[in-house]
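1. Kindly return the folded structure for what I paste below:
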Amino acid sequence: MHPNLVLTLGFLFLYSSLIGYLRSICWKDPTSSFFQAQRAHTPTYSAHRIQQAVRYADLVGSEQQAQGSRRSPPELCIGVPSVQRDGISYLKSTLGSLQHGLSVEERAGLRFVVLLAHTDQEKHQDYGQSWLASMADKVLSYGDNPGRLALAKAMELSQTHETKAKFDYSVVMEECEKTGASYILIVEDDVIFLDGWRHRTMQALNVATAKSWEAGHTDFLYLRLFYYEGLLGWNKESWPTYLGSSLTVVTSVMCLLLLTRRYVPAARLYLTRSVFVLVTLIFTPLLLILFFAAGGNCTLPQSAGVHLMPKNACCGQGLVFPLATVADALLPLFRRSRWSEVPTDSFIEDYADATGALRWALTPVVIQHVGGQSSHGVPRGMYGNMTPSRLWNFGFEENDADSLAAEHFRMNNWTL
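-> Numbers count the residues shown, from 1 in each chain. Just a heads-up that it's a prediction; the model follows:
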């Protein structure tokens, strides 16, 4: 059999084996050609966590326990603006997942501020629920402040979702700022937090602070607790980088073969001109194509820890802000741009782009976005209420409930 044919058959066997391997590991990368949407959207861990959260909320609501002692100021204030969606509410599971599993000491350092974002709060199906009164340290009403109430009524009449959502965001942010909490976490009301989210978040905030100082900044804009991997793969605007890297690989292979042929005389018998052409102009490009087809998250995944994420991050499901950033920058900005129609997350990103503020992200994320019904009243996705078509962190579903519970237990014992 001709040597080149043997070489080609061997390469094809290797190539098909690589395709099979990549199919087995890259199915949850939305940027991969091997992405399996239905399988990747299976809420393996989220379904379990939602059950835990709802049971906990029901238990707290039925017992109507008196709130325990609270540290003042708290280490973290969690603000949740909530809007009624047609026929469904996620607020109970959101708050339940935030609080289920917390120790007494952990809960004492947190404040929960909830806004039922309607001038007539009875429109929200969770209004007056006993579990809400038991879990929230403060349930806000526009009526608490005449100026806010007038603005909220005007915005509801204008029916501009982006303007009203940004206003609600600033309302809970302002109430959290009043608590004096070192950090303020603003979350959407259709997310799920994993067991142990609090200790992971506080550790990440310490890391973000230290890294910001090392970078010459006195503070940072936010720590991101959720992101969508679909924006972190290969990006069209980076094609010159990808082309340059690919040409570098091809050139390196070519140089390696030339050097081998020159300095290893025994190899000259095998490194013929036809082999040279096959390897550099056919086999190597095919391997590069497979590398890119596998997807950026699969081949070059985000390493665990706290990293800068100034681009291609979405969206505002869970952002933690330092108190100084909120008081000195964000709240004045929200007030100056009250009627802006820019969506809240884009509004914050525009500010960061303009000022160079640091944007950190935690990997792996501690939040999953489970809402299938947007606050616009528009159904999302093809996978049901729990699995939206886009904003879904696929890595989150790899969490194991028993492992997370054990980690949380160890951390609580370690800090005692």
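2. could you pull out the helices for the stretch 151-300 of the chain?
-> Secondary structure of the stretch 151-300 of the chain, counting by DSSP state H, counting those that start in this stretch: helices at 161-178, 197-214, 239-263, 273-278, 284-293, 296-299.
3. Quick one: mean pLDDT over the fifth one.
-> Going back to what we said before, that points to helix 284-293. Mean pLDDT, computed over helix 284-293, is 97.
4. Please apply the same query to the fourth one.
-> Mean pLDDT, computed over helix 273-278, is 88.
5. would you list the helices of the stretch 151-300 of the chain in TSV and tack on mean neighbour count and distance to M309?
-> Yep, even glycine has a C-beta here, placed from its N, CA and C like the rest. Below are the helices of the stretch 151-300 of the chain laid out as TSV (neighbours: other Cβ atoms under 10 Å; distance: least, Cβ to Cβ, whole Å):
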stretch	mean neighbour count	distance to M309
helix 161-178	21	20
helix 197-214	18	11
helix 239-263	13	18
helix 273-278	13	41
helix 284-293	16	22
helix 296-299	21	13
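6. Among the ones you listed, single out whichever gets nearest to A57.
-> Distance to A57, taken as Cβ to Cβ, is lowest for helix 197-214 among the helices of the stretch 151-300 of the chain, at 16.1 Å.
7. where does the stretch 301-416 of the chain have low pLDDT?
-> 372-389, 415-416 (pLDDT under 70).
8. residue ranges for the strands of it, please.
-> 305-308, 318-322, 359-363, 367-369 (DSSP state E, counting those that start in this stretch).
9. coming back round to it: in terms of mean pLDDT, which of the helices of the stretch 151-300 of the chain ranks lowest?
-> helix 273-278 (a mean of 88).
10. What is it packed up against?
-> helix 3-25, helix 239-263 (3 or more Cβ pairs under 8 Å, 6 or more residues apart in numbering; DSSP states H and E).
11. right, and the ones you listed - which one's nearest Y228?
-> When the helices and strands packed on helix 273-278 are compared by Cβ to Cβ, helix 3-25 sits nearest Y228, at 19.8 Å.
12. what angle do the closest one and helix 284-293 make?
-> Relative orientation of helix 3-25 versus helix 284-293 (axes from the mean of the first three to the mean of the last three Cα atoms, to 10 degrees): 0 degrees.
13. Centre of the chain to helix 3-25, how far?
-> How far helix 3-25 lies from its chain's middle: 36 Å, per Cα atoms, centre = their mean, to the nearest Å.
14. Ok, stretch 352-370 next?
-> The answer for stretch 352-370 is 7 Å, by Cα atoms, centre = their mean.
15. would you list the helices and strands packed on helix 273-278 in TSV and tack on distance to E105?
-> TSV is the format used below for the helices and strands packed on helix 273-278 (distance: least, Cβ to Cβ, whole Å):
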stretch	distance to E105
helix 3-25	40
helix 239-263	48
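16. Would you mind saying which of the ones you listed lies nearest E188?
-> Comparing those by Cβ to Cβ, helix 3-25 comes nearest, at 30.7 Å.
17. Just give the nearest non-adjacent residue to Q302, would you?
-> Distances taken as Cβ to Cβ, 6 or more residues apart in numbering place T363 nearest to Q302, at 4.4 Å, with adjacent residues excluded.
18. you'd agree V253 is up against L278?
-> No: look at V253 against L278 with Cβ atoms under 8 Å: they stay out of range, at 11.4 Å.
19. which residues touch the residue nearest to Q302?
-> T363 is in contact with 302-307, counting by Cβ atoms under 8 Å, 6 or more residues apart in numbering.
20. re earlier: and of the strands of the stretch 301-416 of the chain, who's closest to D29?
-> Across these, closest to D29 is strand 359-363 (Cβ to Cβ), at 14.5 Å.
21. Can you show me the CA trace of that closest one as PDB?
-> Extracted as PDB, the C-alpha positions of strand 359-363 are listed here (Å, rounded to 0.1, in the frame of the first residue of the first chain):
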ATOM      1  CA  ARG A 359     -15.800  44.600  35.700                       C
ATOM      2  CA  TRP A 360     -15.100  41.300  37.400                       C
ATOM      3  CA  ALA A 361     -16.800  37.900  36.900                       C
ATOM      4  CA  LEU A 362     -16.900  34.800  39.100                       C
ATOM      5  CA  THR A 363     -16.400  31.400  37.500                       C
END
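22. who touches the residue nearest the centre of the chain in this structure?
-> With distances taken as Cα atoms, centre = their mean, F226 lies nearest the centre of the chain, 1.6 Å away. Contact partners of F226, counting by Cβ under 8 Å, 6+ apart, are 191, 315, 317-318, 365-369, 393.
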